[in-house]
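Undergrad: got a structure for you, letters missing:
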Ligand code: EZ4
Ligand code: CO
């Protein structure tokens with residue numbers, strides 16, 4: 001069997017998605033997510049212009065060899081664009097392998113380690129009482145874990161807090177919108193939010209919070225220590241993570257569990273974080289960290305160092321990525337939790353999928369392969385629309401960490 005076709009599909013059913021579809025000489029198809037929020041067309045070009053021509057004629061069964069060929073062969077290693085492109089190929093080849101074997105991909109990864117994949121939803125609101133009402137909706141839906149974010153008093157907009165409640169889309173403008181940031185005000189409101197959530201919902205619910213890389217290590221350590229009495233499940237992205245050593249300082253000041261990695265694209269972004277046990281959850285994803293093959297490698301390293309998984313699962317990761325993530329989540333020994341921001345109906349129609357939510361868990365599809373498809377006719381009805389994430393500035397106008 002040989003690869004006979006590889007094509008890139010860009011579609012925007014409510015938001016942009018890039019998908020790679022590979023076809024074999026036996027007529028088997030596989031798909032992979034290649035969406036990089038706000039830089040979608042760069043990955044589409046990387047695939048179309050530089051990768052698809054190399055795939056034609058290759059044996060689709062050789063997943064590891066193809067990964068190494070694309071990673072080492074390009075000479076230019078790593079980076080979000082490259083690794084997202086490689087991820088798309090890798091994911092599509094796992095999909096094909098599953099279909100050829102007649103097995104869901106998680107069976108090829110060693111089979112089930114658990115009955116379901118615990119997910120967390122996003123509860124956000126401008127004020128603390130608004131957030132509490134949102135948390136209540138998730139509890140009613142059966143969620144066992146909820147991320148809480150609230151507006152910062154005195155700031156116009158806060159990243160992570162949306163107008164739409166049950167569907168949240170952070171890439172909100174054709175050119176980046178701008179928001180103002182104040183660490184002092186933020187640090188005052190978060191403990192109030194946690195106190196109110198624990199007061200109303202008790203301690204059985206897992207409560208998560210995303211700092212979006214906004215603090216310094218010492219600020220994050222201080223916040224973590226003040227939140228410890230509310231038993232946060234994790235504090236996500238406390239600081240920008242280019243400097244892995246920064247997390248050591250956080251560790252010296254708090255036992256609040258730390259999660260990081262949604263912007264990581266290779267094992268080298270987290271090698272020290274994991275090896276020195278500076279984090280508790282690694283949030284790298286199938287789509288941005290080199291596909292199932294490379295993410296499995298990261299997760300295995302993490303397993304040796306008491307680090308559990310907690311993959312990113314926002315709306316800019318398509319149902320193709322979510323399907324792939326669930327096959328890994330159900331199989332790996334050190335799974336922790338999976339983020340789950342539900343997609344809109346338009347997105348779900350373009351990407352019909354077999355995974356389902358029940359009692360706070362997501363369950364991967366039992367179909368051979370990944371159990372997800374793309375409706376190309378429908379996809380063609382939604383052309384690309386430029387959309388970017390907002391930029392944050394401090395009160396004095398300087399650009400702040402994302
Ligand atoms: O900002 O997916 O934890 N989730 C998040 C997301 C990310 C977006 C970036 O593309 O932080 O909302
Ligand atoms: Co995040």
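TA: Thanks, I have it. Everything quoted here is computed from the prediction, not taken from an experiment. Numbering: from 1, shown residues only. Ligands and ions are numbered 1, 2, ... in the order given.
Undergrad: Quick check: residue 228 vs ligand 2, distance?
TA: Note on residue 228: its distance to ligand 2, by Cβ to the ion, to the nearest Å, is 21 Å. For glycine as for every other residue, the C-beta is placed from the backbone atoms N, C-alpha and C.
Undergrad: isn't there a strand covering that residue?
TA: No - with DSSP: H, G, I helix; E, B strand; the rest coil as the criterion, residue 228 is located in helix rather than a strand.
Undergrad: residues in contact with it?
TA: Taking Cβ atoms under 8 Å, 6 or more residues apart in numbering, we find residue 228 in contact with 254-256.
Undergrad: Export the residues you listed as CSV, with columns for distance to ligand 1, neighbour count and secondary structure.
TA: Formatted as CSV, these follow (distance: Cβ to the nearest ligand atom, whole Å; neighbours: other Cβ atoms under 10 Å; DSSP: H, G, I helix; E, B strand; the rest coil):
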residue, distance to ligand 1, neighbour count, secondary structure
254, 20, 20, coil
255, 22, 10, coil
256, 17, 24, coil
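Undergrad: from those, which is closest to ligand 2?
TA: Using Cβ to the ion, residue 256 comes nearest to ligand 2 of those, at 15.9 Å.
Undergrad: Not counting its neighbours along the chain, what's nearest the closest one?
TA: Closest residue in space to residue 256, ignoring its immediate chain neighbours: residue 224 at 3.5 Å, by Cβ to Cβ, 6 or more residues apart in numbering.
Undergrad: Helix or strand: which one has the one you found?
TA: Residue 224 is part of helix 217-227, with elements assigned from DSSP states H and E.
Undergrad: before we move on, back to that, please convert the contacts of residue 228 to TSV, extending it with pLDDT.
TA: Listed next are these as TSV, based on pLDDT from 0 to 100:
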residue	pLDDT
254	98
255	98
256	98
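Undergrad: how about the helices of the stretch 51-200 of the chain, start to end?
TA: Ranges of helices in the stretch 51-200 of the chain, per DSSP state H, counting those that start in this stretch, are 52-55, 63-73, 80-101, 105-108, 128-141, 183-201.
Undergrad: Out of those helices, which one sits most buried?
TA: Mean neighbour count (mean count of other Cβ atoms under 10 Å) peaks for helix 80-101 among those, with a mean of 26.
Undergrad: Doesn't residue 341 belong to a strand?
TA: No - applying three-state DSSP, one finds residue 341 to be coil, outside a strand.
Undergrad: pLDDT score for it?
TA: pLDDT for residue 341: 94.
Undergrad: Just read off the phi/psi values of the closest residue to ligand 1 within the chain.
TA: Closest approach of the chain to ligand 1 (Cβ to the nearest ligand atom) occurs at residue 314, with a separation of 3.1 Å. Backbone torsions of residue 314, given as degrees, to the nearest 10, read phi -80, psi 180.
Undergrad: That one contacts residue 170, doesn't it?
TA: Yes - counting by Cβ atoms under 8 Å, residue 314 touches residue 170, with 7.4 Å between them.
Undergrad: Burial check on residue 231, number of neighbours?
TA: Residue 231: 13 surrounding residues under other Cβ atoms under 10 Å.
Undergrad: For residue 312, give its distance to residue 279.
TA: 14 Å (Cβ to Cβ, to the nearest Å).
Undergrad: try residue 83
TA: Going from residue 83 to residue 279 by Cβ to Cβ gives 20 Å.
Undergrad: Please apply the same query to residue 241.
TA: To residue 279, residue 241 is 9 Å away according to Cβ to Cβ.
Undergrad: for residue 237, same thing?
TA: From residue 237 to residue 279 the distance is 11 Å (Cβ to Cβ).
Undergrad: Quick check: neighbours shared by those two?
TA: Common neighbours of residue 237 and residue 279, using Cβ under 8 Å, 6+ apart, are 259-260.
Undergrad: Who has more neighbours out of the two?
TA: Neighbours per residue, other Cβ under 10 Å: of residue 237 and residue 279, the larger number sits with residue 279, 29 against 25.
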